[in-house]
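Asks: the following block contains a protein sequence and its predicted model.
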Amino acid sequence: MRPKRQTLTFKNNQKVSSKVFPLIPSDPEHNVYTRFMKSHRCYDLVPTSSKLVVFDTSLQVKKAFFALVSNGVRAAPLWDSKKQCFVGMLTITDFINILHRYYKSPLVQIYELEEHKIETWRGENVYNKIHRLPVIDPLTGNTLYILTHKRILKFLKLFISEMPKPSFLKQTLEELNIGTFQNIAVVRADTPLYTALGIFVEQRVSALPVVDDKGRVVDIYSKFDVINLAAEKTYNNLDVTVTKALQHRSQYFEGVLTCNRHETLEAIINRLVEAEVHRLVVVDEQDVVKGIVSLSDILQALVLTDGDEGK
């Protein structure tokens, strides 16, 4: 269940609304969201209650991914007991990288996943785009929360009605050039799962629209769906199709959330926050995939460029 009252889901919400808005300039076109974000600390975005899982680097990789699944989290900080400090994060992207790098066939066990410890894998891990950051207590050094794009946009949306509204919120994605509209990575229903994992690794995307023979979107396969392979213990056969893999979704799927380039930025923000998704597939009148607009695209436009061109 989603909380009915969002005002109760953040720690310092009373402090937030009383201290911030005098810092916002009266001109609604002038850096309103940038100034809002600069006037807050990461701690303001930490919920009053949340689940945090921490892994010791001596833990087996396989057990760590099973723990991600059983706890319903997408990432976990890594603690090195020898160094007595946090040394990184383990994410679903690591799981994908291991599967893609070491998979040979359904008949050969992935030794690196079954036997390696986190510290072994970490030594040869590749760097990825940063989609989450741990919030650290400066006094104890403990990790308090994993901050994500979704959380940041939700926090902004909570107070957006109390701030001056820039005119660019009424402009369309096309007018603002927000999103990615070239070289969109897609897969078909019969695409082998191993091929899809390769696209995740090589093109560094977080989701792949599944299209029919006319290019119309019929489903979507995201990085989060990959972790279901660990839940079902089916990661030893990556020759199955994407459609077959999607049958293992652990949560009810309401369908692909889409938009078009003629919708306003305000409408896109509302849809992303209300649906609690990480991206929308941009389609035309025939549902043919034309692009992707992600949370990072939106935050780039709102906070870092203030309505100027995104990508």
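Replies: Okay, I see it.

Asks: when you work out contacts or count neighbours from here on, use the C-alpha atoms and nothing else.
Replies: Fine.

Asks: can you give me the helices for the stretch 201-311 of the chain?
Replies: Using DSSP state H, counting those that start in this stretch, the helices found in the stretch 201-311 of the chain span residues 223-226, 228-232, 242-246, 265-275, 295-299.

Asks: now these as CSV including distance to residue 61, mean pLDDT and mean neighbour count?
Replies: Output for the helices of the stretch 201-311 of the chain, formatted as CSV (distance: least, C-alpha to C-alpha, whole Å; pLDDT from 0 to 100; neighbours: other C-alpha atoms under 10 Å):
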stretch, distance to residue 61, mean pLDDT, mean neighbour count
helix 223-226, 15, 90, 19
helix 228-232, 11, 79, 18
helix 242-246, 22, 92, 19
helix 265-275, 32, 95, 17
helix 295-299, 29, 93, 21
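
Asks: dump those helices to CSV, plus distance to residue 100.
Replies: Formatted as CSV, the helices of the stretch 201-311 of the chain follow (distance: least, C-alpha to C-alpha, whole Å):
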stretch, distance to residue 100
helix 223-226, 11
helix 228-232, 13
helix 242-246, 15
helix 265-275, 30
helix 295-299, 25
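
Asks: which of those helices sits closest to residue 158?
Replies: helix 265-275 (9.8 Å; C-alpha to C-alpha).

Asks: mind checking how far the closest one is from the chain centre?
Replies: How far helix 265-275 lies from its chain's middle: 15 Å, per C-alpha atoms, centre = their mean, to the nearest Å.

Asks: how about the residue positioned nearest the centre of the chain, what does it touch?
Replies: The chain has residue 278 as the residue nearest its centroid, 5.3 Å off, counting by C-alpha atoms, centre = their mean. By C-alpha atoms under 8 Å, 6 or more residues apart in numbering, the residues touching residue 278 are 150, 272, 294, 295.

Asks: still on that earlier bit, of all the helices of the stretch 201-311 of the chain, which one is nearest residue 55?
Replies: helix 228-232 (16.8 Å).

Asks: so what secondary structure elements neighbour the closest one?
Replies: In terms of contacts (3 or more C-alpha pairs under 8 Å, 6 or more residues apart in numbering; DSSP states H and E), helix 228-232 is packed against helix 61-71.
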